[in-house]
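J.: Sequence and predicted structure, then a few things I'm wondering about:
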Amino acid sequence: MSRSTVNRVLLGVAGVVLLAVGVLVLAGGLDLYGRLGVDPPSWWPLTSPDQPVVSVRTRTRWVDASWWWPAVIGGLTVLVAGMIWWLFAQLRRSGPASIDVPTPGAPGLRLRLRTHALEDALETGTVVLPEVERAGVRLVRAPGGPRLRGAVRLTPGGDPAALVEHFDTGPRADAAASLGLTALRADLRVRVLRAKHTEPRRRGRRRQPRVR
Amino acid sequence: MTEQTPGTPSEGAAEPGPPTEPPTEPSTGAPSEPRTVAARVPRPRSARTAAAVLVATGVLVIAGALLYDVVAVRTGHPALRWRAETADELATRHLDDLWVLIGAGAAALLGGRLLWLAFAPGLRRWLALRPHGETAAAIDRAGVGHLLADRAAGLPGVEHIVIRINRRRVRVTLVGPADPAFVQARLREELARVTLARPLRLDVRADRPGSGTRGAGG
């Protein structure tokens, strides 16, 4: 499961819990059941505005049971461990440190390429494409093989469609060929700079088009 | 440079075809190349890293403090004051207490916000481009605005231009003697060059100090 899926599921769970608690307390506190004429079932919590949020009886209901404290401590431990795992999952580098390079004709040889070296080569290949001002490329893990993620800044008036085509047939295809991959999908984020001459924003003055 | 949209003839050819779902059938538009048929490009989705870090830290602090205190009490130490006070407050304050209602409202709002973060795609800044081969791409909205502004600044009769872009349309307000229809045609060429997966509507209107506002639909 990708990091995005994990994050969204856990955020959704936290959201549902918070929303349910908040709505239950609000419905009880504002006496919505009485005003709307709804009769909640007997086990429904927090129905009367006059009852405390968590009464002493509710809190100490199972204290005498032998399973209560092990369950509380175990549950909290699982929760703390899970949160630590979730937190570190955000910090983890999302790509492999190195990647296998095929060695045809040399069966005993195993060759691995540092991901950083591959990313450097891809960045160099992207920066020299026409109209590119700056480029960064990362290799990330993804379902169905590694994936490239690129951020490219174009010079003013640059052509995004041409950049996508050049990147796909140039650096991306080269990397796929040298890694021996049949498919190497890529995501590009393209930004375009603004020409300098559009900066003064005053009415009635004709701006001279200036070419850098 | 001004690539005429080749999707138009293929859409016309697809209409008399199968009436079930013409736009998603690439085989019906046989004469056009597959790249130019407006494919359903999925919107880029955010990984929600920042929200995950915040929620994980918050839950970790609360659950960790509770765990520490519960273990301390079980091993014979007195409970920490904040936990005893919280339990006392929860046991004495009734549901119609103002602070209880405020806290419940805040919890409900926060929960709704987290649910929104879980389901909404996010990345509203980025507009998907038509993919080429195995490369998917997105351009930032401000970048589209920069391209349009640079193109408009070179046109005759355009003194000043204001461009506002949301996810569906571009509104251009221009000051100067230029004809809005002329400017709109030029800007439409520029917009077609960007090859957005979901084209933006383009409205150009002239804001003339003397003659009031004249609009030109798009």
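T.: That came through fine.
J.: is the least confident helix or strand in chain A by mean pLDDT up against chain B anywhere?
T.: Here the helix or strand of chain A ranked lowest by mean pLDDT, DSSP states H and E is helix A:56-59, holding a mean of 81. Yes: Helix A:56-59 lies within reach of chain B by Cβ under 8 Å from any Cβ of the partner chain, at A:56, A:59. Backbone N, C-alpha and C define where each C-beta goes, glycine included.
J.: CA atoms of that helix as CSV?
T.: Output of helix A:56-59 as CSV, limited to C-alpha atoms (Å, rounded to 0.1, in the frame of the first residue of the first chain):
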residue,chain,number,x,y,z
VAL,A,56,-17.2,8.3,37.5
ARG,A,57,-19.4,5.2,37.1
THR,A,58,-18.7,5.0,33.4
ARG,A,59,-15.0,5.5,33.9
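J.: neighbouring contacts of the helix or strand just after that helix?
T.: Next helix or strand after helix A:56-59 toward the C-terminus (DSSP states H and E): helix A:68-91. With Cβ atoms under 8 Å, 6 or more residues apart in numbering or on different chains as the test, helix A:68-91 has contacts from A:3, A:6-7, A:10, A:62, B:49, B:52-53, B:56-57, B:59-60, B:63-64, B:66-67, B:70-71, B:74.
J.: what mean pLDDT does helix A:68-91 have?
T.: Helix A:68-91 shows a mean pLDDT of 94.
J.: before we move on, what about stretch A:183-201?
T.: pLDDT averaged over stretch A:183-201 gives 79.
J.: same thing with stretch B:78-98?
T.: 87.
J.: CA atoms only for that stretch, dumped as CSV, please.
T.: Output in CSV follows, covering the C-alpha atoms of stretch B:78-98 (Å, rounded to 0.1, in the frame of the first residue of the first chain):
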residue,chain,number,x,y,z
PRO,B,78,0.2,8.6,42.4
ALA,B,79,-1.6,9.7,39.3
LEU,B,80,-0.3,12.9,37.6
ARG,B,81,-2.4,16.0,38.4
TRP,B,82,-3.5,16.7,34.8
ARG,B,83,-5.1,13.3,34.5
ALA,B,84,-6.9,13.5,37.8
GLU,B,85,-8.1,17.0,36.9
THR,B,86,-9.3,16.0,33.4
ALA,B,87,-11.2,13.0,34.8
ASP,B,88,-12.7,15.2,37.5
GLU,B,89,-13.8,17.8,34.9
LEU,B,90,-15.3,15.2,32.6
ALA,B,91,-17.2,13.7,35.5
THR,B,92,-18.6,17.1,36.9
ARG,B,93,-19.3,19.1,33.7
HIS,B,94,-22.6,18.3,32.1
LEU,B,95,-23.3,18.0,28.4
ASP,B,96,-24.9,21.5,28.2
ASP,B,97,-21.9,23.2,29.7
LEU,B,98,-20.6,25.9,27.4
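J.: Could you confirm whether any residue of that stretch contacts chain A?
T.: Yes: judged by Cβ under 8 Å from any Cβ, stretch B:78-98 comes into contact with chain A at B:87, B:90-97.
J.: Quick check: which ranges of the chain have low pLDDT?
T.: In the absence of a named chain, this looks at chain A. A:1, A:197-212 (pLDDT under 70).
J.: wait, chain B
T.: B:1-39, B:208-218.
J.: Mind telling me which residue is nearest the centre of it?
T.: Per Cα atoms, centre = their mean, the C-alpha nearest to the average position across chain B is that of B:R124, at 2.1 Å.
J.: Please, which helix or strand holds it?
T.: Using DSSP H and E, no helix or strand contains B:R124.
J.: show me the contacts for the closest residue to A:L113 other than its chain neighbours.
T.: Nearest non-adjacent residue to A:L113, counting by Cβ to Cβ, 6 or more residues apart in numbering or on different chains: A:V101, 5.0 Å away. By Cβ under 8 Å, 6+ apart, the contact set of A:V101 is A:111-113, A:178-180.
J.: if we can go back for a sec, okay, the residue nearest to the centre of chain B and chain A: tell me how far apart.
T.: Distance from B:R124 to chain A, counting by Cβ to the nearest Cβ, to the nearest Å: 14 Å.
J.: With B:A50 instead?
T.: Distance from B:A50 to chain A, by Cβ to the nearest Cβ: 9 Å.
J.: residues near that residue, how many?
T.: Neighbours of B:A50 under the rule other Cβ atoms under 10 Å in any protein chain shown: 12.
J.: before we move on, the earlier item: list just the nearest of the contacts of A:V101 to A:R147.
T.: Within those, proximity to A:R147 (Cβ to Cβ) peaks at A:L179, which comes in at 12.3 Å.
J.: now that closest one: how far from A:R138?
T.: Separation of A:L179 from A:R138 (Cβ to Cβ, to the nearest Å): 15 Å.
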